[in-house]
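Asks: sharing a model that was predicted from the sequence below.
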Amino acid sequence: VNQFVVKKLAAMEKQQKAEDVKLVTGPAALWRKFQSRSENTNWEKDEYLDLLYWGKQLWAVIAGLLWGILALKGIFALVGFILTALALPIVYTRILSSVDPEEMGGIAGVIQDGFVTQFAMFLVFWIVSYSFVHF
């Protein structure tokens, strides 16, 4: 019985270590790196584009909820979202981060990465929040 318990504990400990490694190299590490914002932060291309991708998704959710609650509709609401969705990654890349946009595929690459999913996410949250609040 004791050998069974020892093996079970060893397996649980091994699994915990594997989960700890995932936390260190996953989104938590990316978030800590984003928060540091120092000039010495070296971004890999994939890391930086992942950061922008998830930031765009977060903006799509927030904007969709805001547009729906504020009852914004029509072409002006769509154009407003598209302009902000295009401007935010450019502003962050050029002004707030120490990253050269050309290293990340140029401004077009920074904008294009995840734009379609961002737009779809915005539409879903906009439609659902508008319908929920105003009907």
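Replies: Arrived safely. Numbers count the residues shown, from 1 in each chain.

Asks: helix, strand, or coil at residue 98?
Replies: Recorded secondary structure, residue 98: coil (DSSP: H, G, I helix; E, B strand; the rest coil).

Asks: what pLDDT does it get?
Replies: The model reports residue 98 with a pLDDT of 74.

Asks: that one - how many residues pack around it?
Replies: 12 (other Cβ atoms under 10 Å). Every C-beta, even on glycine, is put in place using the N, C-alpha and C of the backbone.

Asks: list the contacts of residue 115.
Replies: Counting by Cβ atoms under 8 Å, 6 or more residues apart in numbering, residue 115 makes contact with 56, 85.

Asks: switch the cut-off to 7 Å
Replies: residue 85 (Cβ atoms under 7 Å, 6 or more residues apart in numbering).

Asks: how near is it to residue 129?
Replies: Distance of residue 115 to residue 129, computed by Cβ to Cβ, to the nearest Å: 21 Å.

Asks: can you list the low-confidence ranges for this protein?
Replies: By pLDDT under 70, the low-scoring segments of the chain are 1, 15-27, 37-41.

Asks: ok, 90 please
Replies: The chain contains residues with pLDDT under 90 at 1-52, 54, 91-107, 109-110, 113, 135.

Asks: so where do the helices sit in it?
Replies: Assigned by DSSP state H, the helices in the chain fall at 2-25, 27-36, 45-69, 75-91, 106-112, 115-134.

Asks: residue nearest the centroid of this protein?
Replies: residue 54 (1.0 Å; Cα atoms, centre = their mean).

Asks: now residue 114: closest residue in space, sequence neighbours ignored.
Replies: Ranked by Cβ to Cβ, 6 or more residues apart in numbering and with sequence neighbours excluded, the top spatial neighbour of residue 114 is residue 53, at 4.1 Å.
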